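Asker: I would like to see how this sequence folds:
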Amino acid sequence: MTLPAFLKSRPLALAAAALAGAAAAFLAVPSLVQSKADVAPRAVTPRGPLGADELSNIEIFKKTSPSVVHITSLGVQRDVFSMNVQQVPRGTGTGFVWDGEGHIVTNYHVIQGANAARVTLADQSSYDARLVGQFPDRDLAVLRIDAPKEKLPPIAMGSSRELLVGQRVYAIGNPFGLDQTLTIGVISALNREIESFNNRSIRGVIQTDAAINPGNSGGPLLDSAGRLIGVNTQIASPSGASAGIGFAIPADEVNRIVPRLIRDGRFVRPAIGVSAGPPNLQRALKLPQGVVIVQVGNGSPAAKAGLQPFRRGNRGEVVGGDVITAINDEPVKDLDDMLSVLERRQPGETVALTVWRDGRTRKQNLVLAAPE
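Answerer: Model (predicted):
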């Protein structure tokens, strides 16, 4: 038997009426609801003193945050109608005060491709910056601003040489443009290797789980004494946001490179005057691990030391040359290794090369030259 239509719809109508009534009661104007006595705010429960770790966190932020700056890189944009040229923001990052002369350290990739940059200090005063020097191989750059010395507290310098996994670390930066953000974590690993923006390897890198996001680049990584132990540079993240794996360039590298950028405007790596062969040549000739020399510059330190390149003979055969396997007894397995070793030297220094040729190894002294 089928029910009449009005009986079918009656339960739905009753439910709708009930809901409407409930809504009317919930949304009733307060003045129409029966008045009650005043309701006092809850009493605040005393919390007692802050914990020692909290006090330490607060002190580190208070002490260090005035040394951390916000960097805005600027590009040129032309209006298609008026043809006027104006500077527009390209991106943001972080930096920190190196000294009272106005030198600011940041990542190279923060200012890469920019026409200008602007630095905002912790007190929100802003200054035009000029580029002093850059070293893409280590993703470092130095800017300078003309600001009063009292506004430029240099960051406390630490060392990365004796760091241990598990140490507490702090990162201060401007993630997603949010100024003066503090995050806390530990050293997750040491001696990591990452790739710089010009495809050079950066070795000895610090890994941390302190949250690092876009905008943190160039900011300081601090130890529990508030000293600089690294410069935050990259994250490993499928989403592009913090996944708890961040990387920082160790402070000892920063302290080695930045003074030379300030002094020379560039990082001068001494040269020995050779060109290296590709890895497939090394494998094809079954040569030992090292730098296979395929060209020696005329009058170069290598030429003066008698180094010989691998080359083709008159009948097309391969004539054996030299393979550099170590510098000052420090093994070099490829060109990147050799460049990293040379970066720690100065033009004019004498180094001892370990050289392999035709199954025999010898030591050869060589005086490093300035790059051309």
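
Asker: who's in contact with the residue nearest the centre of the chain?
Answerer: Nearest residue to the geometric centre of the chain (Cα atoms, centre = their mean): Thr233, 1.0 Å. Going by Cβ atoms under 8 Å, 6 or more residues apart in numbering, Thr233 touches Asn107, His109, Asp139, Ile194, Ile202, Val205, Ser217, Gly218, Phe247, Ala248, Ile249. No exception for glycine: its C-beta is placed from N, CA and C like everyone else's.

Asker: The stretch 101-250 of the chain: strands as residue ranges?
Answerer: Under the criterion DSSP state E, counting those that start in this stretch, the stretch 101-250 of the chain contains strands at 103-106, 116-120, 126-135, 140-145, 168-173, 181-195, 201-208, 220-222, 228-235, 246-250.

Asker: to the chain's geometric centre, what's the distance from stretch 43-61?
Answerer: 31 Å (Cα atoms, centre = their mean, to the nearest Å).

Asker: just stretch 129-148 next, same as before
Answerer: Stretch 129-148 has its C-alpha centroid displaced from the chain centroid by 14 Å (Cα atoms, centre = their mean).

Asker: With stretch 270-279 instead?
Answerer: The answer for stretch 270-279 is 28 Å, by Cα atoms, centre = their mean.

Asker: swap in stretch 214-228?
Answerer: The answer for stretch 214-228 is 10 Å, by Cα atoms, centre = their mean.

Asker: Now that stretch: buried residues?
Answerer: Taking 16 or more other Cβ atoms under 10 Å as the neighbour-count basis, stretch 214-228 is seen to contain the buried residues 214-223, 226-228.

Asker: Likewise for stretch 334-352?
Answerer: Leu335, Asp336, Asp337, Met338, Leu339, Ser340, Val341, Leu342, Glu343, Val351.

Asker: pLDDT at the nearest residue to the fifth one once chain neighbours are set aside, what is it?
Answerer: To tie it back to what came earlier, the one meant is Leu339. Distance criterion Cβ to Cβ, 6 or more residues apart in numbering; nearest residue to Leu339, sequence neighbours excluded, is Arg269 at 6.6 Å. Per-residue confidence at Arg269 stands at 82 (pLDDT).

Asker: Just the ones in helices from the buried residues of stretch 334-352, please.
Answerer: Judged by DSSP state H, helices contain the following of these: Leu335, Asp336, Asp337, Met338, Leu339, Ser340, Val341, Leu342.

Asker: re earlier: isn't the residue nearest to Leu339 right up against Glu343?
Answerer: Yes - Arg269 is in contact with Glu343 according to Cβ atoms under 8 Å; the separation is 5.2 Å.

Asker: ok so, going back, now pLDDT and distance to Thr72 too, for the contacts of Thr233, in CSV please.
Answerer: Output for the contacts of Thr233, formatted as CSV (pLDDT from 0 to 100; distance: Cβ to Cβ, whole Å):
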residue, pLDDT, distance to Thr72
Asn107, 95, 14
His109, 91, 14
Asp139, 92, 19
Ile194, 89, 25
Ile202, 87, 25
Val205, 94, 26
Ser217, 90, 13
Gly218, 94, 12
Phe247, 94, 23
Ala248, 95, 22
Ile249, 95, 22
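
Asker: could the residues you listed be laid out in JSON lines, adding distance to Ile155?
Answerer: Converted to JSON lines, the contacts of Thr233 look like this (distance: Cβ to Cβ, whole Å):
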{"residue": "Asn107", "distance to Ile155": "15"}
{"residue": "His109", "distance to Ile155": "20"}
{"residue": "Asp139", "distance to Ile155": "18"}
{"residue": "Ile194", "distance to Ile155": "23"}
{"residue": "Ile202", "distance to Ile155": "21"}
{"residue": "Val205", "distance to Ile155": "19"}
{"residue": "Ser217", "distance to Ile155": "16"}
{"residue": "Gly218", "distance to Ile155": "12"}
{"residue": "Phe247", "distance to Ile155": "19"}
{"residue": "Ala248", "distance to Ile155": "14"}
{"residue": "Ile249", "distance to Ile155": "14"}
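
Asker: wait, which of those is closest to Glu54?
Answerer: Using Cβ to Cβ, Ala248 is the member of these that lies nearest Glu54, at 24.0 Å.

Asker: how many neighbours does the closest one have?
Answerer: 29 (other Cβ atoms under 10 Å).

Asker: Hmm, it is touching Asn232, no?
Answerer: Yes - taking Cβ under 8 Å as the definition, Ala248 is a contact partner of Asn232 at 5.0 Å.
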